[in-house]
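A.B. asks: just need the structure, nothing else, for what follows:
(chains A and B)
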Amino acid sequence: MTLVVFTMAVGGAAFLAGMLGSMTGLGGGIVLVPVLTLAFGVDIRYAIGASLIAVIATSTGSTPPYLERGHTNIRIGALLEVATTTGALTGAIIATYLAPNLIAMVFAAVLLLSAAQSLMVGEPSAAQTPDAMGRYLRLGGTYVGEAGPTRYEVRRVPLGFALMFVAGNLSALLGIGSGVVKVLAMDRVMGLPFKVSTTTSTFMIGVTAAASAGVYLHRGYIDPTLSFPVIVGVLAGATRGSHMLHRASVKSLRLLFTVVVVALAIEMAYKALRGGF
Amino acid sequence: MNQAAPPPQPAHSPPPAHSPPPPERRLEPGISRLLRRGVRIAAAFALAGGVFNLIRHATDSVDFSKFSGGSAELSTIRGILGGALHLHSAALLQLGLVCLIATPIARVGYMLAGFIRDRDKAYIVISTVVFLILLYGIFFAAA
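C.D. replies: As a prediction, the model looks like this:
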């Protein structure tokens, strides 16, 4: 395939991924590696590198509007980043010792978990009494919700911290943002309001990915020629997707997302079992 | 960057204030500016290098199916800077990607500086740890 054709094809695929991700709010990044490896035959290491770069781009680009709306909690982000970046470095180091087929199997499992997560709806009530660590580190905050300025506190910080370590590992191993795990930890375990969880997760994703991206850069996982259409496509798609939000039916999109993700998971598992990575 | 529709405001909420942000939000405007600027700089290099690369090598065949690591010019900071200075398109593009990786790292550095200025001991420790981990990744992690 020539560079031009490849660039346009990958750019188009990345565009769709970015659009789907921003319209469902579930992060299109998770389909990038499967699509690159399955449809374009890219080696999984190059795919992970390109995906990681795209994740940094979308996270860094999306954070400023959320910050300006006041939903992000930078102190929680700063604290949990200790766990996510440690996890990311650990994951990046472990990755050298894992066979690509094994990484692909783990990816398939995470895809299925993402599909399950996207079908779960519900906003548990925000925590009102902080635990000791939440109080000492002044993690609570105020955000402007539908009811006006609302105060919230943070609880079960140690467990949230541990989950973030796992999220960091996954992010490095698979080249994803792990937004799913991060939101899960903040929303359900630590009791943060949903908007704060999602925006703070976005805030942390870039830093988490940067920790492993540096390592992968030195290992040659990040190929500029491959990363270029991926990054341009995802950013363009995500921007277009956020413009179209008011016209879309989120429910049917999430269903589409789930179907796509499950199909990719099955394909990846199948290919991994045949030693195709 | 994105022009997503803002959430509808309830009738009784106060209009957006222009008073200085409360202490815990003081760093936020600076972080926003830094992130936007970083993305712009990264985009400039990446677009220049990427388009240039596309034009020069348009009909070359590409194959990413076999992993062969990266060339020294594209996987070391020194190599990337050298290559970009010589206007090698791939290195220029890679420089953009490095700037992109560096942006969240700079953001942590900015927060650290802010916590030092506020003498916030707990968060000085917290951000220093993250900052060191990030610096290790991008500068010292061997192949």
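
A.B. asks: residue ranges with poor pLDDT in the chain?
C.D. replies: If you meant another chain, say so; for now it's chain A. Scanning chain A for pLDDT under 70 picks out A:26, A:121-129, A:145-147, A:245-248.

A.B. asks: wrong one, I was asking about chain B
C.D. replies: For chain B, the ranges with pLDDT under 70 are B:1-23, B:142-143.

A.B. asks: which strand or helix spans the most centrally placed residue in it?
C.D. replies: The centroid of chain B falls nearest to residue B:103 when counting by C-alpha atoms, centre = their mean (2.2 Å). Assigned by DSSP states H and E, residue B:103 belongs to helix B:89-117.

A.B. asks: separation between residue B:111 and chain A?
C.D. replies: Distance of residue B:111 to chain A, computed by C-beta to the nearest C-beta, to the nearest Å: 6 Å. Using the backbone N, CA and C atoms, a C-beta is placed for each residue, glycine as well.

A.B. asks: report the contact partners of that residue.
C.D. replies: A:74, A:78, B:27, B:31, B:123, B:127 (C-beta atoms under 8 Å, 6 or more residues apart in numbering or on different chains).

A.B. asks: for those residues, which one is nearest residue A:232?
C.D. replies: Of all these, residue A:232 sits closest to residue B:31, with 24.9 Å by C-beta to C-beta.

A.B. asks: need the strands for the stretch 51-200 of chain A, in chain order.
C.D. replies: Using DSSP state E, counting those that start in this stretch, the strands of the stretch 51-200 of chain A run over residues A:141-145, A:148-152.

A.B. asks: go through the ones you listed and name the closest to residue B:95.
C.D. replies: When these are ranked by proximity to residue B:95 (C-beta to C-beta), strand A:141-145 comes first, at 37.2 Å.

A.B. asks: just give me how far the closest one sits from the chain centre.
C.D. replies: 24 Å (C-alpha atoms, centre = their mean, to the nearest Å).

A.B. asks: and stretch A:54-70, by the same measure?
C.D. replies: 13 Å.

A.B. asks: equivalent analysis for stretch B:52-72, please.
C.D. replies: Distance, centroid of stretch B:52-72 to centroid of chain: 24 Å (C-alpha atoms, centre = their mean).

A.B. asks: so which bits of it are buried?
C.D. replies: Of the residues in stretch B:52-72, B:52-54, B:57, B:62, B:64, B:67, B:70 count as buried by neighbour count, 16 or more other C-beta atoms under 10 Å in any protein chain shown.

A.B. asks: I'd like those residues as JSON lines, with distance to chain A appended.
C.D. replies: Output for these, formatted as JSON lines (distance: C-beta to the nearest C-beta, whole Å):
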{"residue": "B:52", "distance to chain A": "11"}
{"residue": "B:53", "distance to chain A": "7"}
{"residue": "B:54", "distance to chain A": "6"}
{"residue": "B:57", "distance to chain A": "5"}
{"residue": "B:62", "distance to chain A": "5"}
{"residue": "B:64", "distance to chain A": "4"}
{"residue": "B:67", "distance to chain A": "4"}
{"residue": "B:70", "distance to chain A": "3"}
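
A.B. asks: the residues you listed: which two are farthest apart?
C.D. replies: Top of the distance list for those (C-beta to C-beta): B:52 and B:67, 25.3 Å.

A.B. asks: now the helices: where do they sit in chain A?
C.D. replies: A:3-24, A:29-39, A:44-69, A:74-95, A:100-119, A:132-136, A:157-174, A:179-184, A:194-219, A:224-243, A:250-273 (DSSP state H).

A.B. asks: point out the residues in the stretch 51-200 of chain A that sit beside chain B.
C.D. replies: A:53, A:56-57, A:59-65, A:67-70, A:72, A:74-75, A:78-79, A:81-82, A:85-86, A:88-89, A:92, A:136-138, A:141, A:144, A:146-148 (C-beta under 8 Å from any C-beta of the partner chain).

A.B. asks: give the contact list for the residue nearest to residue A:260 when sequence neighbours are not counted.
C.D. replies: Counting by C-beta to C-beta, 6 or more residues apart in numbering or on different chains, residue A:260 lies nearest to residue A:31, which is 6.5 Å off, once chain neighbours are set aside. The contact partners of residue A:31, taken as C-beta under 8 Å, 6+ apart, are A:17, A:20-21, A:260-261, A:264.

A.B. asks: try it again at 7 Å.
C.D. replies: A:17, A:260-261, A:264 (C-beta atoms under 7 Å, 6 or more residues apart in numbering or on different chains).

A.B. asks: so which residue of the stretch 101-250 of chain A comes closest to chain B?
C.D. replies: residue A:220 (2.6 Å; C-beta to the nearest C-beta).

A.B. asks: from residue A:196, how far out is the most centrally placed residue in chain A?
C.D. replies: Geometric centre of chain A, nearest residue: residue A:177, 2.4 Å, by C-alpha atoms, centre = their mean. Distance of residue A:177 to residue A:196, given as C-beta to C-beta, to the nearest Å: 17 Å.

A.B. asks: likewise residue A:90?
C.D. replies: Distance from residue A:90 to residue A:196, counting by C-beta to C-beta: 27 Å.

A.B. asks: next: residue B:80.
C.D. replies: Distance from residue B:80 to residue A:196, counting by C-beta to C-beta: 37 Å.

A.B. asks: deepest of the strands of the stretch 51-200 of chain A, which one?
C.D. replies: strand A:141-145 (a mean of 19; mean count of other C-beta atoms under 10 Å in any protein chain shown).

A.B. asks: next, the angle strand A:148-152 makes with it.
C.D. replies: Inter-element angle recorded for strand A:141-145 and strand A:148-152: 150 degrees (by axes from the mean of the first three to the mean of the last three C-alpha atoms, to 10 degrees).
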